[in-house]
Every structure is written in C-alpha cells, then in structure tokens.
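1. Let's see this in three dimensions:
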Amino acid sequence: MKAITTKIDADIPEQASITFETNGTQGGDSGHGGYAVLTIHQEGGDFAVKVDGEEIPDAEIQPEKVEIRVGGDWEITGMVSALIELGQQLQAARGDLPNNIPAPDYLRRAAEIMEERGKQYDKPEGERSMGKCVAAFNIVTGRDLTEADGWLLLQILKDVRQWQRPGFHLDSAEDCIAYAALKAEAKQREAACNAR
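-> Numbers count the residues shown, from 1 in each chain. Down below sits the predicted model:
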C-alpha cells in the first residue's frame, strides 16, 4: 500500500470531517515504521466517545477530535479493508452501489487485487502463497491437499460469506473471482505434472 492522506468533509452544519493518513506498508510490524491514522473531527453537535463499550462522561472529556492509530503492515491493511467494507455497506444501505458492473470489469479488478497482494506479501508477479500454506497444512495434519484444493477452500469461504448476510458484498465477489483464477492456474500445473 502506498502512502496517502485524504480528508472528507461532510456537507452538514456541524462541520464533521474524517481524515485518513498512512505512510503505507513498510515491510513488517510497527517496528518498521508503518502506520495508519483515522481521525474523526467534529466542531459542535453531539459527539461522544466510548472505550471498551463504556462512554466517557462529558464532564471528563468533550472531544472535538478522536484518533485511531495502528502500526504495522498487517494492521494497516486490516484497517483499510475494514474501511472499504464499511463504505460499501453504507453505500449499499443508501442505495449507491453500482448495480450493473459488467463481468469483464470484475475480471480486471480481480487481476489488480492479485497483483497488489502479490507485491505486498509475496512476489511482484502476483500472489503465490498458497503452495507454502498447503505444504505446512499437510505437514501438520498428515493430509495431502494440493495447491488447487487450497484455492478452492478460499473460494468456498468467499462464497459462504457472500450468502451469509443479505445484500451484495463486493469484496467477497472480487476475491472469489481471483481465487477461481489462481485455482485454475494451480490445477493446470498439477495436470501438467501428472502427465509427465
């Protein structure tokens, strides 16, 4: 993930704004220096803060700004994914999600996702972590899953998530398509090896 700072101002009298800032993924945990900060700023209006489910009384604090900060690549990626999912759910609730994304656009987006994740976690040519995951799983369990089996499991997971709740979940749809492509690639390699 690249460094970014963005601010969104709500078009309401109370002047609410949300700022997201990150210096991007830096190659490891927070010791590598990667961070992300989500800041909610509101001048006036009703603004309360809860910590661990307990509201902080107005007498103790009357915040105009609240910051949530995380450090480390995994945490940054998790925060960004959660914010994207939240945005999609809010768009869907408001009726703003596009309802006519053509299939080729899903394929293009799945390819972009694989390339992005590959650069973050594996290799510049794209995501290829499943072989190592399946090998480790097989050692621990004594089973004999293939790489294609691993991608199939993730594809099924995304399909289950898609049907778990009402509505449409763009993230699950995009990931499922990417996993289908990775599964096909792995299955083709398996067939070629077995033909030798």
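2. so where's this structure uncertain?
-> For the chain, residues meeting the criterion pLDDT under 70 lie at 1, 9-15, 43-47, 58-63, 92, 94-99, 121-127.
3. Okay, helices next: where are they in it?
-> Here the chain has its helices, by DSSP state H, at 73-94, 103-121, 130-141, 147-164, 170-195.
4. buried ones in stretch 178-196?
-> Neighbour-count burial for stretch 178-196, counted by 16 or more other Cβ atoms under 10 Å, picks out A178, Y179, A180, A181, L182, K183, A186, K187. Every C-beta, even on glycine, is put in place using the N, C-alpha and C of the backbone.
5. Take those and lay them out in a markdown table including distance to A111.
-> Putting these into a markdown table (distance: Cβ to Cβ, whole Å) gives the following:
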| residue | distance to A111 |
| --- | --- |
| A178 | 8 |
| Y179 | 13 |
| A180 | 12 |
| A181 | 8 |
| L182 | 11 |
| K183 | 15 |
| A186 | 16 |
| K187 | 18 |
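6. Which single one of those residues is nearest to I8?
-> I8 has its nearest neighbour among the buried residues of stretch 178-196 in A178, at 28.3 Å by Cβ to Cβ.
7. what's the closest non-adjacent residue to the closest one?
-> Spatial nearest neighbour of A178, excluding adjacent residues (Cβ to Cβ, 6 or more residues apart in numbering): A110 at 4.1 Å.
8. repeat for G131
-> Counting by Cβ to Cβ, 6+ apart, G131 lies nearest to E147, which is 4.7 Å off, once chain neighbours are set aside.
9. and if you look at G28?
-> Using Cβ to Cβ, 6+ apart and skipping the chain neighbours, the partner closest in space to G28 is D73 (6.2 Å).
10. hang on, that neighbour packs against Q120?
-> Yes. With contact defined as Cβ atoms under 8 Å, D73 reaches Q120; the gap is 7.2 Å.
11. Identify the residues contacting the residue nearest to A178.
-> E174, D175, I177, A178, A181 (Cβ atoms under 8 Å, 6 or more residues apart in numbering).
12. One more: Q155?
-> Each residue near Q155 by Cβ under 8 Å, 6+ apart is listed here: C176, Y179, A180, K183.
13. And the closest residue to G71 other than its chain neighbours, how far from T5?
-> Sequence neighbours aside, S30 is the residue nearest to G71 in space, at 2.9 Å (criterion: Cβ to Cβ, 6+ apart). Going from S30 to T5 by Cβ to Cβ, to the nearest Å gives 19 Å.
14. of those two, who's got more company?
-> Using other Cβ atoms under 10 Å as the criterion, S30 and T5 rank with S30 on top: 16 against 10.
15. what's the distance between that one and R69?
-> 10 Å.
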